[in-house]
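Participant: Here is a sequence with its predicted model. Questions after.
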Amino acid sequence: MTTKHLAPCLLCVLVSAWIAGSAVRAAEVAVDVGHTLAASGAVSARGGKEFDFNRVLAAGVVSALSTRGLGVRPINFDGRIASLEERPRQAAGSNFFISIHHDSVQAELLEEWQWEGTPQTYSDRHSGFSLFVSRDSPDLDTSLRCASAIGARLRRMGFVGATHHADSLPGRSRPYADADNAVYYYDNLIVLYRTTLPAVLFEAGVIKHREEELALRDPERQARMADAMATGIAACLYGR
């Protein structure tokens, strides 16, 4: 870890001080773990379940948000939520909703390899984090502002945004909402458009990419990413 990562984050300190000194109730963030135990999402290049990646990072985000004085409403940490529709229902009444995921790639891009004697699939063509908002969101302006704030903070901390979603399959376009900060429009996601509050879906990186999968498993990197995400969320919610 470099010295700059050990130094206090000035923005974090300012936001925390503002919250501590404010008579206004701290904003509450609903943090959703994407997928479930039964439907665990993508499979990594080494056979890991996306849900497990999601839960670890979401726990770090919860901790980082709490450190900043924000309220947190955990959703689906046990992996047993009944439906996609239940996620926005459980988030109702919070100030912001974020669903934590890890990305894959299209099936035609996958190649085969062996990992510890087991056949697996991978693709080293695409990597990076990405954020998604729906143009059908009940509060698109705040959703987009918070997504951009998260992406900007991640980039400042050295994380690289994905670029491949804007070139998705025909009929499944994910156009840029903010190209600089890897924010895309994804209109028909239930967790984004059926909320009653600003909502963002976050893809931490591509677990089918062999090198990025290892990076996404690194506890130090996970902590830095969670810290950057929490800083972006806090700056957005208290910077209106």
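Facilitator: Yep, it's here.
Participant: make it CA atoms for all contacts and neighbour counts henceforth
Facilitator: OK.
Participant: Over to stretch 192-199 now: how far is its first residue from its last?
Facilitator: Using Cα to Cα, to the nearest Å, the end-to-end distance of stretch 192-199 comes out at 5 Å.
Participant: Next, give phi and psi for the residue in the chain sticking out farthest from the centre.
Facilitator: No residue in the chain sits farther from the centre than Gly117, which is 31.8 Å out by Cα atoms, centre = their mean. Dihedral pair for Gly117: phi 80, psi 0, per degrees, to the nearest 10.
Participant: Ok, Gly41 next?
Facilitator: Here is the backbone geometry of Gly41 (degrees, to the nearest 10): phi 90, psi -150.
Participant: what's the closest non-adjacent residue to it?
Facilitator: Excluding its sequence neighbours, the residue lying closest to Gly41 (Cα to Cα, 6 or more residues apart in numbering) is Glu50, at 5.3 Å.
Participant: Then Tyr176?
Facilitator: Tyr184 (4.4 Å).
Participant: how about the one you found, secondary structure?
Facilitator: Here Tyr184 is recorded as strand under DSSP: H, G, I helix; E, B strand; the rest coil.
Participant: What pLDDT is listed against it?
Facilitator: Looking at Tyr184, its pLDDT is 96.
Participant: Kindly report the same for the one 5 residues further on.
Facilitator: Leu189 is assigned a pLDDT of 94 by the prediction.
Participant: Enumerate every residue touching it.
Facilitator: Ser134 (Cα atoms under 8 Å, 6 or more residues apart in numbering).
Participant: how near is it to Asp52?
Facilitator: As judged by Cα to Cα, Leu189 and Asp52 stand 21 Å apart.
Participant: Look up the residues forming beta bridges with Trp115.
Facilitator: Taking DSSP bridges as the rule, Trp115 bridges to Thr118.
Participant: Could I get the contacting residues of the residue nearest to Gly41?
Facilitator: By Cα under 8 Å, 6+ apart, Glu50 lies in contact with 35, 40-44, 101-102, 207.
Participant: Out of those residues, grab the one that's most surrounded.
Facilitator: Neighbour counts for these peak at Ile207, which has 33 neighbours (criterion: other Cα atoms under 10 Å).
Participant: Can you give me the distance of it to Pro88?
Facilitator: From Ile207 to Pro88 the distance is 26 Å (Cα to Cα).
Participant: now Arg194
Facilitator: 6 Å.
Participant: Between those two, which is the more surrounded one?
Facilitator: Pro88 (24 against 20).
Participant: Per-residue pLDDT of that one, please?
Facilitator: pLDDT at Pro88 comes out at 97.
Participant: Burial check on the nearest residue to it once chain neighbours are set aside, number of neighbours?
Facilitator: Computed as Cα to Cα, 6+ apart, the closest residue to Pro88 that is not its neighbour in sequence is Thr195, at 4.8 Å. Other residues within reach of Thr195, judged by other Cα under 10 Å, total 23.
Participant: Now do the contacts for Thr195.
Facilitator: 88-89, 91-92, 137-138.
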